[in-house]
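Student: The following block contains a protein sequence and its predicted model.
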Amino acid sequence: MNKHKIAVIVVSLRKESFNLKTAKAMMAMAPESFYMDLLDISGLPMFNEDLEANPPEA
C-alpha cells in the first residue's frame with residue numbers, strides 16, 4: 001500500500017497553540033494510508049517587510 005506523504009505546517013509557535021492542537025488531532029484521525037509529519041518552522045525568521053531588501057541570513 002502506498003502512503004500519501006503530507007507535511008503539516010503550523011505557523012503558531014506557542015506550545016499551547018489551538019492550531020497545533022488541531023493539527024495533532026487531525027494527524028491522529030488520518031487514515032493509515034497517510035504519512036503526516038509536523039514540520040518544525042521555529043528556526044525560520046518571520047517575514048518582515050522592513051527587512052525584505054536586506055533579509056537576515058537565516
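Tutor: Here it is on my side, so go on. If you're wondering where the values come from, they're calculated on a predicted model, not measured in any experiment.
Student: how about the strands in this structure?
Tutor: Using DSSP state E, the strands of the chain run over 4-9, 34-39.
Student: Pick the most deeply packed of the ones you listed.
Tutor: Neighbour counts (mean count of other CB atoms under 10 Å) averaged over each of the strands of the chain peak at strand 34-39, with a mean of 13. From N, CA and C alone the C-beta is placed, and that goes for glycine too.
Student: model confidence over it, on average?
Tutor: Confidence for strand 34-39, expressed as mean pLDDT, is 94.
Student: Packing partners of it?
Tutor: Under the contact definition 3 or more CB pairs under 8 Å, 6 or more residues apart in numbering; DSSP states H and E, strand 34-39 sits against strand 4-9, helix 18-29.
Student: And the shortest one, how far out from the chain middle?
Tutor: Mean C-alpha position of strand 4-9 versus that of the full chain (CA atoms, centre = their mean, to the nearest Å) differs by 9 Å.
Student: then it to CSV, C-alphas only?
Tutor: Output in CSV follows, covering the C-alpha atoms of strand 4-9 (Å, rounded to 0.1, in the frame of the first residue of the first chain):
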residue,chain,number,x,y,z
HIS,A,4,0.5,9.6,0.9
LYS,A,5,3.1,11.9,2.4
ILE,A,6,1.6,15.1,3.9
ALA,A,7,3.5,17.9,5.5
VAL,A,8,1.6,19.6,8.3
ILE,A,9,2.7,23.2,8.9
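Student: So which other helices or strands are in contact with it?
Tutor: Using 3+ CB pairs under 8 Å, 6+ apart, the elements in contact with strand 4-9 are helix 18-29, strand 34-39.
Student: For the nearest residue to K24 once chain neighbours are set aside, which residues are in contact?
Tutor: Among residues not flanking K24 along the chain, L38 sits closest, at 7.5 Å (CB to CB, 6 or more residues apart in numbering). Applying CB atoms under 8 Å, 6 or more residues apart in numbering, we find L38 in contact with V8, V10, A23, K24, M27.
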